[in-house]
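A.B. asks: Take a look and give me a structure for this.
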Amino acid sequence: MRSPARTAIQIGIFLSTAFVTGAAGQERLREIPFPQVKVTDAFWSKRIQTNAAVTVPSCFRKCEIFGQIDNFKRAAKLLGGEHVGTQFYDGPVYKVLEGAAYTLISNPDPKLEKYVEDLIKIIVAAQEPDGYLYTARTINPLKAPPGSGPERWSNLSQSHELFLAGHMYEAAIAHHRATGRRTLLDAAVRNADLVVRVFGESGRPDVPGHQEIEMALVKLYYATGDRRYLNQAKRFLDLRGRYQGRAPGTTSRRPEYTQDHLPVLEQSSAVGHAVRALYMYSGMTDVASLLNDAAYAAALDRLWQNVVRKKTYITGGLGARREGEAFGEDYELPNDVAYAETCAAIGSVYWNHRLFLSSGNAKYLDVLERTLYNGLLSGVSLDGEHFFYPNPLASDGKRAFNMGQATRQPWFKVACCPTNVCRFLPSLPGYLYAVRGSDVFVNLYIGSRTTVRLAENEVAVAQQTQYPWGGEVRITVRPARAARFALNLRIPGWARNEPLPGDLYRYADAPPRGRVKVEVNGKAAPAKPERGFVRVERTWRAGDIIRLTLPLPVRRVVSHEAVAANRGRVAIERGPLVYCFEGADNGGSVQEVSVNAATAFKAEVRPDMLGGITVIRAGKHTAIPYYAWSHRGAGEMAVWVRSK
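C.D. replies: Down below sits the predicted model:
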């Protein structure tokens, strides 16, 4: 395979962002792309390796078993028969393909690479001559599945034609980055050119029913330099909430459900389908950053404030209602019927990472980290083959909350969550570091190593830590030549006595006695954060070591009084991890568990339990990390327990 570091598309995606302005006209941060970051720690490297060895091939097998890949064969006239499954059945194939491509970058595998290349040949053969690619219609336009509409683009509120196109673009970009080959990328460009011809400035004033293509078009703009794709992304966003000229069937009967109830610049409250909303907010953030659009930025801030201050679960989960997989009203955060879809957690990570890169403010990383370690990681089992679609914060062990079951499942008819996890995990290293000018930012504390280019210098950075179990972080810096620059260390919100920005949650106990400490080569350095980062600027030399100490006491968390479900209840967390009480550790039931100011906590390392965890003894009860629940059969679980 061609080295991904040399592909033109990587240069287009990542280096061009260095010249984009962010909030207040500042230069936007540039993420260190994940092919340049090697994760070495015990916690995340196991998850990434399991994803490569188990999740990717398992998801491909499921796409074969349930007919998604056969649909492409039928559209390519390589197989007979009618379309099977829903109108959006193509989506899982694209997402697993994206995950496989990302996996090939860090884990070259000739067998997987051949599978990917053979699959891409089938997908490209299924594409119609003008670039249209939608197996639900191509196989037999007269027998398209329900929701597809009688003809192209005629039922955009339900057809997912544009949503699927976006996922195809992202898979194509990932494949080109992994191999340098353009087979799928050229197909993506043909499709995007068709989209621009149909929906461009003088074209149809319609919008996707399920947002996603907006993010993908921006990526395609980076990849090709073709400004039409960026313009089209903005046009799709600007047309939301504006119905003049739209054809019948292209507007949802429930416009709030698809965030089509108001123009995006007038929206201030997160409503409707949570995943659609978060994908839209991510696309808006891309556009706002690229175009330095103050009106977009203001709308995004209003929406973010509403989401984080009034609609986010303590786990970072989003989406309170099963009906419509939707946000609820402000402070509507039920626990046992919480939806908190895994895809929504991933969408939140996408959005908050973009907001951080455009602003440099660590508050967005605080939300990202909480979501990553809790509401996202809970979505996949330790074995990499079983998944949660919703992620409730309480369970009686009997109610079938997970698409008809009370435990993680190997697959779903709507398989968005397994395949989203599949493509997210190999990209995780790209969230660890960022650069702006001569400033290096350490966003997440995960054992890793990377090399950062600063002007004409190269700086090797190696991070060692037992995080999230331990709060000691050692970072070794090795510039090729001694140079003055700044290393910015994020001080997590939980270490600054703030669970999340705002007053939705607060700690019920006093701040810990231990304090955050920063040392450079054994000497104390100032540790007062600004915008969530401690900035250490000096002339760095090869072998310099910076040590960060983050105290990790067990903390009790309480909710805003307006959250009815949590009144008189408390949750516990340690560092970035939210804990839960599971029946398996507490005599089969959690109904009598209570935690109050007098409860004595003890953290206990259990390397033999659930892949190696730290449990918390809370008086006579035992709590485990939320992400690790439901690995021992169906049973009771609660995050929020009585406080008296």
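A.B. asks: Please tell me how far Trp304 sits from Ser282.
C.D. replies: Trp304 sits at a distance of 11 Å from Ser282 (criterion: Cβ to Cβ, to the nearest Å). Yep, even glycine has a C-beta here, placed from its N, CA and C like the rest.
A.B. asks: what do these two both touch?
C.D. replies: Trp351 (Cβ atoms under 8 Å, 6 or more residues apart in numbering).
A.B. asks: Of those two, which one has the most company?
C.D. replies: Ser282 (25 against 20; other Cβ atoms under 10 Å).
A.B. asks: Just the buried residues of stretch 204-221, please?
C.D. replies: Buried residues in stretch 204-221, defined by neighbour count with 16 or more other Cβ atoms under 10 Å: 206-221.
A.B. asks: for stretch 410-420, same thing?
C.D. replies: Neighbour counts over stretch 410-420 (16+ other Cβ under 10 Å) mark 411-412, 414-420 as buried.
A.B. asks: do stretch 221-232 as well
C.D. replies: 221-224, 226, 228-232.
A.B. asks: Between which two of those is the distance greatest?
C.D. replies: Farthest apart among the buried residues of stretch 221-232 by Cβ to Cβ are Ala223 and Asn231. That separation is 15.4 Å.
A.B. asks: Just the helices from the stretch 1-150 of the chain, written as ranges.
C.D. replies: Listed in chain order, the helices of the stretch 1-150 of the chain (DSSP state H, counting those that start in this stretch) span residues 8-10, 42-50, 56-65, 68-75, 91-106, 110-126, 135-138.
A.B. asks: and these, which is most packed in?
C.D. replies: helix 91-106 (a mean of 26; mean count of other Cβ atoms under 10 Å).
A.B. asks: and the angle from that one to helix 68-75?
C.D. replies: Put simply, helix 91-106 runs at 110 degrees to helix 68-75, going by axes from the mean of the first three to the mean of the last three Cα atoms, to 10 degrees.
A.B. asks: Just give me the neighbour total for Arg321.
C.D. replies: Counted with other Cβ under 10 Å, the neighbours of Arg321 add up to 18.
A.B. asks: mind checking the SS state of the residue nearest to it when sequence neighbours are not counted?
C.D. replies: Once flanking residues are discounted, Arg321 sits nearest to Gly328: 5.2 Å by Cβ to Cβ, 6 or more residues apart in numbering. Secondary structure, DSSP: H, G, I helix; E, B strand; the rest coil: Gly328 is coil.
A.B. asks: ok now do Gly328, which residues does it touch?
C.D. replies: With Cβ under 8 Å, 6+ apart, Gly328 has these contacts: 311, 320-321, 334.
A.B. asks: Please narrow the residues you listed to those residing in strands.
C.D. replies: Taking DSSP state E, every one of the contacts of Gly328 sits outside strands.
A.B. asks: And those, which is closest to Val39?
C.D. replies: For the contacts of Gly328, the minimum distance to Val39 (Cβ to Cβ) is 31.2 Å, reached by Lys311.
A.B. asks: how near is the closest one to Cys580?
C.D. replies: For Lys311, the distance to Cys580 - Cβ to Cβ - is 21 Å.
A.B. asks: ok so, going back, and the helices of the stretch 1-150 of the chain as a markdown table, adding distance to Leu550 and mean pLDDT?
C.D. replies: Shown next, in a markdown table, are these (distance: least, Cβ to Cβ, whole Å; pLDDT from 0 to 100):
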| stretch | distance to Leu550 | mean pLDDT |
| --- | --- | --- |
| helix 8-10 | 33 | 39 |
| helix 42-50 | 15 | 97 |
| helix 56-65 | 33 | 98 |
| helix 68-75 | 44 | 98 |
| helix 91-106 | 28 | 97 |
| helix 110-126 | 38 | 98 |
| helix 135-138 | 50 | 98 |
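A.B. asks: Distance to His560 for these - can I get that in JSON lines?
C.D. replies: As requested, those are exported to JSON lines (distance: least, Cβ to Cβ, whole Å):
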{"stretch": "helix 8-10", "distance to His560": "44"}
{"stretch": "helix 42-50", "distance to His560": "31"}
{"stretch": "helix 56-65", "distance to His560": "39"}
{"stretch": "helix 68-75", "distance to His560": "43"}
{"stretch": "helix 91-106", "distance to His560": "36"}
{"stretch": "helix 110-126", "distance to His560": "47"}
{"stretch": "helix 135-138", "distance to His560": "44"}
